[in-house]
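*Asks:* One predicted model, sequence on top.
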Amino acid sequence: MNIGNMTKKIFLVIIFIVFTINILPQAYSVTTVPNPKSADANAFVSNPNRIISQATESELNSMLQELEAHNKSEVAVVVLNSIGNEDIFDFGVKLFEHWGIGKKKSDNGLLVLFVLDQRQVRFEVGYGLEGVLPDAICKRIQMDYMIPHFKSGDYDQGLLHGVSKTAEYIRGEVFDDEYLSLNKAFNFKLSNLILPILMFVIAMFFLADKQKKIKNDSLLKFNSERYSAMKTATNQINLLMILLSFLMPFIVAFTDLWSFLGGWSVVLTPLMAIPTNRIAKTMSNKFRRQVPACSKCGDKMTLLSEKNDDKYLTLSQVYEEKIKSVDYDVFLCDSCGLTVINEYKGKVDYRECPSCKTRDFVQTDSKIIKRPSYVHTGLKTIVFHCAFCGFQNEQSVVIPKLSNSSSSSWGGGSSGGSSSGSFGGGRSGGGGATSRW
């Protein structure tokens with residue numbers, strides 16, 4: 001065997017292998033495609049094989065950066081020599097999900113994938129963009145604005161024209177995460193009624209139970225006592241509804257029930273207090289106007305109207321009803337003439353007059369005699385007057401010293417930047433289009 005010939009053959013094989021490696025395009029996998037955000041948070045184009053010029057890459061980055069600033073959408077452009085035998089559709093979906101193109105809540109991402117050796121371009125569209133970029137529109141953009149340039153080998157102009165046209169479609173959309181979350185949350189659906197109806201049913205069970213207990217309570221003998229007890233129960237359920245209405249947005253948000261119960265449940269639930277109060281008022285008035293038996297003859301008494309009960313009231317009582325400081329119910333026994341008068345307090349501003357006992361004693365004036373300081377207390381005089389009898393009284397009230405309750409603190413902040421970042425965590429919707437040239 002000629003050793004010289006053998007050495008020459010081995011050398012030629014090595015040269016062939018090296019030449020072939022250099023000539024054949026590098027096949028990228030999903031994990032080896034360079035993420036443009038890793039090097040520059042403002043970059044959107046991955047062009048590892050320099051298929052398009054640096055100038056075109058910069059122009060695309062500027063265009064897509066401005067688009068993101070406009071409505072928070074994210075468009076990634078990937079220009080590769082080869083992905084091997086990988087199907088461009090499957091590769092596009094995997095790369096989209098791997099990078100998380102688009103914002104997490106709105107899924108407003110788009111991947112433009114160019115593969116030279118397969119002579120294909122693929123649009124992979126996120127869920128949030130499927131309405132504005134349906135498959136037909138994606139296909140039309142590719143065929144009208146990209147493929148003609150690709151066929152002539154002008155990949156720069158094909159990508160510039162295609163991405164620019166796509167950006168025009170996306171630009172008119174709103175992709176604000178907070179806006180979309182609220183819009184979705186306040187999209188009315190039947191599940192929004194679950195919480196309000198549940199709250200109303202619980203309130204009704206509570207009031208019905210209280211009504212039954214008050215009715216059967218032997219210690220509550222008079223209408224006014226039963227009415228007062230029912231009013232207390234109403235105040236309790238109102239307090240509970242106010243508390244739950246305040247806590248509900250936090251409960252719904254932090255238990256991942258927002259998307260199911262919706263924002264309308266948070267709005268409608270407090271409104272359940274309106275029918276609840278009306279029904280509770282009806283229950284209370286039923287106790288108030290319950291016709292009693294005459295304690296003298298045993299016959300049923302009659303509740304007089306507001307117009308007819310005045311002749312059984314004193315002048316001060318008629319006056320109290322006029323200014324609504326007190327409301328009186330008068331029951332009359334037609335058989336023996338016995339009257340029963342029940343008193344219900346009205347406006348809380350009025351007190352009982354020390355002189356005539358009419359509930360018409362109200363504050364009419366307030367005078368500062370000595371202003372307070374940080375060293376000394378102050379003094380003011382409050383004037384109370386009864387319009388029914390003319391009695392007037394002045395009370396001296398001490399004003400507390402002034403206190404310096406204000407406080408100050410330094411606020412701090414930090415600023416900084418990073419040359420790297422990532423896409424927003426969006427998901428692919430599986431839609432889009434693929435074209436060949």
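*Replies:* The structure has been received and is ready for your questions.
*Asks:* Distance of the closest residue to Thr31 other than its chain neighbours relative to Ser422?
*Replies:* Spatial nearest neighbour of Thr31, excluding adjacent residues (CB to CB, 6 or more residues apart in numbering): His98 at 7.2 Å. The C-beta positions use only the backbone N, C-alpha and C, and glycine is treated the same way. Distance of His98 to Ser422, computed by CB to CB, to the nearest Å: 11 Å.
*Asks:* just Asp154 next, same as before
*Replies:* 32 Å.
*Asks:* For the closest residue to Arg351 other than its chain neighbours, give me phi and psi.
*Replies:* Excluding the flanking residues, the one nearest Arg351 by CB to CB, 6+ apart is Phe361, at 4.2 Å. Phi and psi for Phe361, reported as degrees, to the nearest 10, are phi -90, psi 110.
*Asks:* Show me what Phe361 bridges to in the sheet.
*Replies:* Arg351, Cys386 (DSSP bridges).
*Asks:* OK, contacts around it?
*Replies:* Phe361 is in contact with 350-354, 384-386, 391, 393, counting by CB atoms under 8 Å, 6 or more residues apart in numbering.
*Asks:* Now that you've got the residues you listed, can you turn the buried subset into something I can paste into ChimeraX?
*Replies:* Only the buried entries of these go into this ChimeraX selection, using 16 or more other CB atoms under 10 Å:
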select :350,353,384,385,386,391
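*Asks:* Report how many residues lie close to Leu116.
*Replies:* Per other CB atoms under 10 Å, the neighbour tally for Leu116 reads 17.
*Asks:* Would you confirm that it contacts Ile83?
*Replies:* No. If you go by CB atoms under 8 Å, Leu116 and Ile83 don't touch, sitting 9.9 Å apart.
*Asks:* What segments of the stretch 151-300 of the chain are helices?
*Replies:* With helices called from DSSP state H, counting those that start in this stretch, the stretch 151-300 of the chain shows them at 155-171, 177-185, 194-216, 223-254, 258-261, 263-271, 273-288.
*Asks:* any chance of these in JSON lines, with mean pLDDT too?
*Replies:* Formatted as JSON lines, the helices of the stretch 151-300 of the chain follow (pLDDT from 0 to 100):
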{"stretch": "helix 155-171", "mean pLDDT": "92"}
{"stretch": "helix 177-185", "mean pLDDT": "50"}
{"stretch": "helix 194-216", "mean pLDDT": "90"}
{"stretch": "helix 223-254", "mean pLDDT": "82"}
{"stretch": "helix 258-261", "mean pLDDT": "58"}
{"stretch": "helix 263-271", "mean pLDDT": "75"}
{"stretch": "helix 273-288", "mean pLDDT": "91"}
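*Asks:* For Val397, find the nearest of the ones you listed.
*Replies:* helix 223-254 (29.5 Å; CB to CB).
*Asks:* between the closest one and helix 263-271, what angle do the directions make?
*Replies:* Relative orientation of helix 223-254 versus helix 263-271 (axes from the mean of the first three to the mean of the last three CA atoms, to 10 degrees): 170 degrees.
*Asks:* Am I right that Cys353 sits in a strand?
*Replies:* No. Counting by DSSP: H, G, I helix; E, B strand; the rest coil, Cys353 is not found in a strand; it is coil.
*Asks:* before we move on, the earlier item: report the buried residues of the regular element (helix or strand) spanning the residue nearest to Thr31.
*Replies:* Remark: His98 resides in helix 88-99, with elements defined by DSSP states H and E. Neighbour-count burial for helix 88-99 flags 88-89, 91-96, 99 (criterion: 16+ other CB under 10 Å).
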